[in-house]
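Student: Fold the following and give me the result.
(one chain, ligands or ions: 1)
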Amino acid sequence: MVDLPQKVLSSFFITSTTNMSSAHKNLSDYKAQGLPDISDKKFAIVTSEWNHEITSALHKGAIDTLLKHGASEDKIVSKWVPGSFELTLGAQWLAEDSSVHAVIAIGCLVQGETPHFDYICQAVALGIKDVNLRHNKPVIFGVLTTQNIEQAKDRAGGKHGNKGDEAAYTAISMLSFHDQ
Ligand code: DLZ
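Tutor: Next comes the predicted model:
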């Protein structure tokens, strides 16, 4: 295991166990304490047009959460791509901007709508992971992969919260981890 200072370890893991889905069913229930000042941080959000009703709700959730935690409106960039498959390249283009501190990728893949659901899910997940590592900055996977549209609605401001909120919270948490 990487030898991180105890202060970093405890702050990261306490934040995680206090707020993550294992403790609260979903991250939208988090108690945002001890989050850093993010007023000088630049966030880029790339969102898929596919299943727009869902992705626009996730996108709004992400922006609301960033603003709620002190992000500056003029430091939030939003771009749209046609489908979730395009999120990886969109995220990469945004991550290439050295002034961007964190990227949030938002999409919604519904199983019934695509016979190649599994391939797209895997490609996007691995693609986003690669962009994280290539650019050494948080690129958050805010992509719903659900069996049907109802499950997606439940996670886009419905009974399971808003995964866009959670994606934004995760971005802030990772910046906090990095800056300590
Ligand atoms: C083609 C397709 C299908 C059938 N379903 C979805 C979906 O549920 N969610 C989504 O974000 N995108 C879907 N797409 C579009 C692909 O992500 C991609 O845009 C196209 O295959 C073109 O590369």
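
Student: buried stuff in stretch 103-121?
Tutor: Of the residues in stretch 103-121, 103-110, 114, 117, 120-121 count as buried by neighbour count, 16 or more other C-beta atoms under 10 Å. For glycine as for every other residue, the C-beta is placed from the backbone atoms N, C-alpha and C.

Student: Please apply the same query to stretch 65-84.
Tutor: Buried residues in stretch 65-84, defined by neighbour count with 16+ other C-beta under 10 Å: 65-66, 69, 71, 75-76, 80-81, 83-84.

Student: What of stretch 54-67?
Tutor: So for stretch 54-67, counting by 16+ other C-beta under 10 Å, buried means 54-63, 65-66.

Student: Same list (those residues) but as TSV, adding distance to the ligand, secondary structure and pLDDT.
Tutor: Below are these laid out as TSV (distance: C-beta to the nearest ligand atom, whole Å; DSSP: H, G, I helix; E, B strand; the rest coil; pLDDT from 0 to 100):
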residue	distance to the ligand	secondary structure	pLDDT
54	9	helix	98
55	8	helix	98
56	13	helix	98
57	14	helix	98
58	11	helix	98
59	13	helix	98
60	17	helix	98
61	17	helix	98
62	16	helix	98
63	19	helix	98
65	22	helix	97
66	22	helix	98
